[in-house]
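In: I would like to see how this sequence folds:
(2 chains)
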Amino acid sequence: MLQSIQDYFRALAETHPHWNFIYLYDPVQAARIGEGLVMTLELSVLCVLFSVVIGVVGAWLQGSHLTWVRRFVQGYIQFFRNTPPLIQLLFFYFALGQFTPTYSPDGWLEVPVISNVGWAVISLSFFAGAFNVEIFRAGIEAVPESTVEAADSLGMSRLQIYRYVLLPLAFRVSLPALNNNLVNLVKTTTQAIVIAVPELLYQLVSIYNDYSTAQNACMVLMFVVYVVLVGILVMGMSRWERRLRIPGYGG
Amino acid sequence: MIRTRAIPGIGRDPTTDLPVLHRCSPVGAGLAADLAFSRWLGSRSPWVLLGLAALLAAWPFLAHAQSGYSTARAFEALWRWIPFLLRDGFAFNILISFVTMAIGTAAGVVLGLWQIAPSPWVRRTAWAITQTFRNSPWLVLLFIVMLTFPFEIRIGDAIVPIPDWMKAVLGLALPVMANVSEVVRGAIQSVPTGQWEASESLAFSRRQTLWRIILPQCFKRMIPPWMNWYAILTMATPLVSLLGVEEIVTLSRQAMEAEDNHPELLMPFYGFALLVFFAYCYPIARWTIRLERRFAVKL
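Out: Numbers count the residues shown, from 1 in each chain, chains lettered A, B, ... in the order given. All right, here's what the predicted structure looks like:
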């Protein structure tokens, strides 16, 4: 069965040189795509985690009593929201990357402590985190004042109120907006190609750079994989949203 | 040191049997030892902190001051290139964003109206197109359009070349179209059904209802999200540099090459690109928020 599929596509590549589905019969290319997919997923998961952490911490800092802390967070949000993620990646990797310390595994090479994948994670997390701060802040504002006062009257500290009362409620309120942003983040991971992070798009582009006849086939796969990947994510997220919706909040 | 702090009365015994009072100190939460650093930071004057931040920010420059090519010279180089980067680079980004937005909006409005068409087949097709292009990354669409579309088309005997940037515009217009379509659909559906029923009872046809009653009300509501998408689109225009269209990132790279590729150039040049985009997009964002507030639907 598998053999016949491979033979079919090998024959197709012979007769139709524009439709060389090389990744369907060449295990080396298939492995490259697999690696790319794993890297994309890895990058997405790490960025989602870090950006949510940044969002939670940022929203906490925005409720600070100190004006300059609030201003600093506001400045961070506005800067990252209003500049292109592509240039952020370039800036982080090329401009800030030169100042990171390097280590030498064999006495000859100089390897920077933070690799390009590391910088992609940092840069994309900060990018998505800026949106998450605003999203969580809006969610926190939606929690009624009286709930916070009730918690306060039970003798909880500010941190306890945030952890046990505000955040769980705010999280459920802000889940739809958060999911939108996380889906957007997964789509933005493709831009890591600019600093040569070997994710899916990078691998597909390098496959058709190696085998120019595979260009159309790579385009098809590129489109299908991302639509399916994001589609699954969107569906899963909206199911989760419906499950966690607070009755009486929002339509 | 990790200490679990349970909630008094829930996780541990209540600490007092007095009636419940509000805490009197606004900041005094947690242990003094845990907050020592924050307290110390908080008690400094803002100028000390600014100074510390400035020192941290300047550290890379100081570290590199010893090397041959100084940061000052890198900034001098940037200064020389700024007019070129703005005129030939950023202006082109703006042009791309204008043309893309025009095409994307026109297509998006049509698609959005199809999404509320009476015929279920039209509606479903429009929905599928919208979701597909909304869910695919911009860069992927850009790659596909740039590399699969022909670089010239033959109309009769004449050969019409299609420049790269036109294809880039088309590639960026697809996701814009899908998102504008959602904006239009959302705005139309935010108009209460009573309006539709009222106009039907006044014997308006469907087309008349849509154009004379529903759309004029939606128009205001569509402006803020539309502007938001314009800002997002503008921030996506540097993507076309990956495919060789000459805009600000491409030209910055070329300028750095012309200046002998000193690593010190990277920070000023990319930093400048960031600042230019910020200067353009931030006012749009502020304006969008203002309009959003003004046009907010009052319930």
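
In: What parts of the stretch 1-150 of chain A come near chain B?
Out: A:65-66, A:68, A:78-79, A:81-88, A:90-91, A:94-96, A:98-99 (C-beta under 8 Å from any C-beta of the partner chain). Yep, even glycine has a C-beta here, placed from its N, CA and C like the rest.

In: Which of those residues fall within helices?
Out: Among those, the residues falling in helices (DSSP state H) are A:68, A:78, A:79, A:81, A:85, A:86, A:87, A:88, A:90.

In: quick one, strands of the stretch 151-299 of chain B?
Out: Assigned by DSSP state E, counting those that start in this stretch, the stretch 151-299 of chain B shows strands spanning B:152-155, B:158-161.

In: out of those strands, nearest to residue A:58?
Out: strand B:158-161 (48.9 Å; C-beta to C-beta).

In: didn't residue A:54 look like it was pressed against residue A:125?
Out: Yes: between residue A:54 and residue A:125 there is a contact at 6.1 Å, judged by C-beta atoms under 8 Å.

In: Please list only the buried members of the residues of the stretch 1-150 of chain A next to chain B.
Out: For the residues of the stretch 1-150 of chain A next to chain B, a neighbour count by 16 or more other C-beta atoms under 10 Å in any protein chain shown gives the buried set as A:78-79, A:81-88, A:90-91, A:94-96, A:98.

In: tell me which of those residues is nearest to residue A:29?
Out: Looking across these and measuring by C-beta to C-beta, the closest to residue A:29 is residue A:86, at 27.2 Å.

In: number of nearby residues for the closest residue to the closest one other than its chain neighbours?
Out: Nearest non-adjacent residue to residue A:86, counting by C-beta to C-beta, 6 or more residues apart in numbering or on different chains: residue B:238, 4.6 Å away. By other C-beta atoms under 10 Å in any protein chain shown, the residues close to residue B:238 number 27.

In: Residue B:238 reaches residue B:251, doesn't it?
Out: No: contact criterion C-beta under 8 Å: residue B:238 and residue B:251 do not qualify, at 11.0 Å.

In: tell me which parts of the stretch 151-299 of chain B are close to chain A?
Out: Going by C-beta under 8 Å from any C-beta, the residues of the stretch 151-299 of chain B near chain A are B:231, B:235-239, B:241-242, B:249, B:263, B:266-267, B:270-271, B:273-274, B:277-278, B:281-282, B:285.

In: Restrict those to the buried ones and give me that as a PyMOL selection.
Out: Only the buried entries of those go into this PyMOL selection, using 16+ other C-beta under 10 Å:
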select buried, chain B and resi 231+235+236+237+238+239+241+242+249+263+266+267+270+273+274+277+278+281+282+285
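
In: list the contacts for the residue nearest to residue A:86?
Out: Taking C-beta atoms under 8 Å, 6 or more residues apart in numbering or on different chains, we find residue B:238 in contact with A:84, A:86, A:87, B:93, B:247, B:248, B:249, B:273, B:277.

In: thinking again about what came up before, looking at the buried ones among the residues of the stretch 1-150 of chain A next to chain B, which one is closest to residue B:116?
Out: Closest to residue B:116, out of all of those and judged by C-beta to C-beta, is residue A:81, at 31.1 Å.

In: Quick check: the gap between residue B:262 and residue B:241.
Out: Counting by C-beta to C-beta, to the nearest Å, the gap from residue B:262 to residue B:241 is 21 Å.

In: same thing with residue A:67?
Out: 39 Å.

In: Buried ones in stretch B:86-95, by neighbour count?
Out: Within stretch B:86-95, judged by 16+ other C-beta under 10 Å, the buried ones are B:89, B:90, B:92, B:93.

In: my bad, stretch B:134-148
Out: Quick answer for stretch B:134-148 (16+ other C-beta under 10 Å): B:134-147.

In: Keep only those that also lie close to chain A.
Out: Restricting those to those near chain A - C-beta under 8 Å from any C-beta - leaves B:135, B:136, B:137, B:138, B:139, B:140, B:141, B:143, B:144, B:147.

In: In JSON lines: those residues, plus secondary structure.
Out: Converted to JSON lines, these look like this (DSSP: H, G, I helix; E, B strand; the rest coil):
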{"residue": "B:135", "secondary structure": "helix"}
{"residue": "B:136", "secondary structure": "coil"}
{"residue": "B:137", "secondary structure": "coil"}
{"residue": "B:138", "secondary structure": "helix"}
{"residue": "B:139", "secondary structure": "helix"}
{"residue": "B:140", "secondary structure": "helix"}
{"residue": "B:141", "secondary structure": "helix"}
{"residue": "B:143", "secondary structure": "helix"}
{"residue": "B:144", "secondary structure": "helix"}
{"residue": "B:147", "secondary structure": "helix"}
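
In: give the contact list for residue A:110.
Out: Residues in contact with residue A:110 (C-beta under 8 Å, 6+ apart) are A:102, A:103, A:104.

In: Can you tell me how far residue A:192 is from residue B:269?
Out: Between residue A:192 and residue B:269 the computed distance is 20 Å (C-beta to C-beta).

In: Please apply the same query to residue B:262.
Out: 11 Å.

In: Surely residue A:142 and residue A:172 touch.
Out: No: using C-beta under 8 Å as the test, residue A:142 is too far from residue A:172 to be in contact (9.7 Å).

In: Counting neighbours around each, name which of these two comes out higher.
Out: Taking neighbours as other C-beta under 10 Å, residue A:142 and residue A:172 compare with residue A:172 leading, 18 against 15.

In: Where does the more buried one fall, secondary structure wise?
Out: For residue A:172, the host element (DSSP states H and E) is helix A:167-188.

In: Next secondary structure after that helix?
Out: helix A:200-210.

In: chain center to the longest helix seen in chain B, what's the gap?
Out: Longest helix of chain B, by residue count under DSSP H: helix B:266-295. Remark: helix B:266-295 is offset 9 Å from the chain centroid, using C-alpha atoms, centre = their mean, to the nearest Å.

In: Grab the most central residue of chain B for me.
Out: The centroid of chain B falls nearest to residue B:232 when counting by C-alpha atoms, centre = their mean (3.1 Å).

In: How confident is the prediction for it, by pLDDT?
Out: Note for residue B:232: predicted pLDDT of 91.

In: cool, the one 3 residues further on as well?
Out: Here, the pLDDT recorded for residue B:235 equals 91.

In: tell me the contacts of the residue lying closest to it once chain neighbours are set aside?
Out: Closest residue to residue B:235 apart from its sequence neighbours, by C-beta to C-beta, 6+ apart: residue A:84 at 4.1 Å. The contact partners of residue A:84, taken as C-beta under 8 Å, 6+ apart, are B:235, B:236, B:237, B:238, B:274, B:277.
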